[in-house]
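Participant: Kindly generate the corresponding structure for this input.
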Amino acid sequence: MAAPDYVPNETPVADRHYVSPPRRPQPWLADRPAELTGGQPMGVGLGVPGPDQGYALRLARRFESDLLLGPGEHAADAIAGCVGVALKRAACFGRAPVAADLEVAFRLFGFLPPAPDETLVARRKGLFAGVSRPHHYAEARQLVDLVPEAALRMPPSEVEAACLNNRAELFAVSTRR
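Facilitator: Numbers count the residues shown, from 1 in each chain. Coordinates of the predicted model:
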């Protein structure tokens, strides 16, 4: 729509369209002190990077009312420990976390049906105790390291079936604390 005749139209031509900045002759180099030059560092306790990892915490809140908690267990500890496992699963597939990642993590440790036996509840009580507190990062990393990648790559339906048959085959539950 054209502007009426009484509206001033003295805009310079250069302001009417985008003009890119002048070309830089040198290529960009990763030479700042904090740049990662050799790729993502790998090693014990460094985890696996993945996109949009904070979304897993939001997804985990959807499972909070369904968690099977024993006496002395807290939902915050179960969520904090299982979110790390879910993030590892999502990173194995090279994507952001989805609800299936959290479902697998909660089922592996018996927080979702089928109900676990008393020995697993006793072991996980020691493994998950206080993991939601920030100064228990090492314990949270131990939980993530307990679950092998083969178990994480299974679909949720297969994990549920394996939990009914023999949960110990999915991972080695140990008390390394």
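
Participant: In contact with the nearest residue to A78 once chain neighbours are set aside: list those residues for me.
Facilitator: The shortest distance from A78 to any non-neighbouring residue, by Cβ to Cβ, 6 or more residues apart in numbering, is to F111 (5.2 Å). C-beta here means a position set from N, CA and C on the backbone, and glycine is covered the same way. F111 makes contact with F63, L67, L68, L69, A78, C82 under the criterion Cβ atoms under 8 Å, 6 or more residues apart in numbering.

Participant: Filter those residues down to just the buried residues.
Facilitator: F63, L67, L68, A78, C82 (16 or more other Cβ atoms under 10 Å).

Participant: where's the third one relative to A115, distance?
Facilitator: With distances taken as Cβ to Cβ, to the nearest Å, L68 is found 6 Å from A115.

Participant: where are the low-confidence patches of this structure?
Facilitator: Residues of the chain meeting the criterion pLDDT under 70: 1, 11-17, 45, 47-48, 171-177.

Participant: would you list every one of the helices in it?
Facilitator: Counting by DSSP state H, the segments of the chain that form helices are 55-61, 75-92, 99-108, 118-128, 137-146, 149-152, 156-166.

Participant: could you dump these to a markdown table with distance to G43?
Facilitator: Below are those laid out as a markdown table (distance: least, Cβ to Cβ, whole Å):
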| stretch | distance to G43 |
| --- | --- |
| helix 55-61 | 22 |
| helix 75-92 | 15 |
| helix 99-108 | 23 |
| helix 118-128 | 23 |
| helix 137-146 | 12 |
| helix 149-152 | 16 |
| helix 156-166 | 28 |
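
Participant: Sweet, I'm off.
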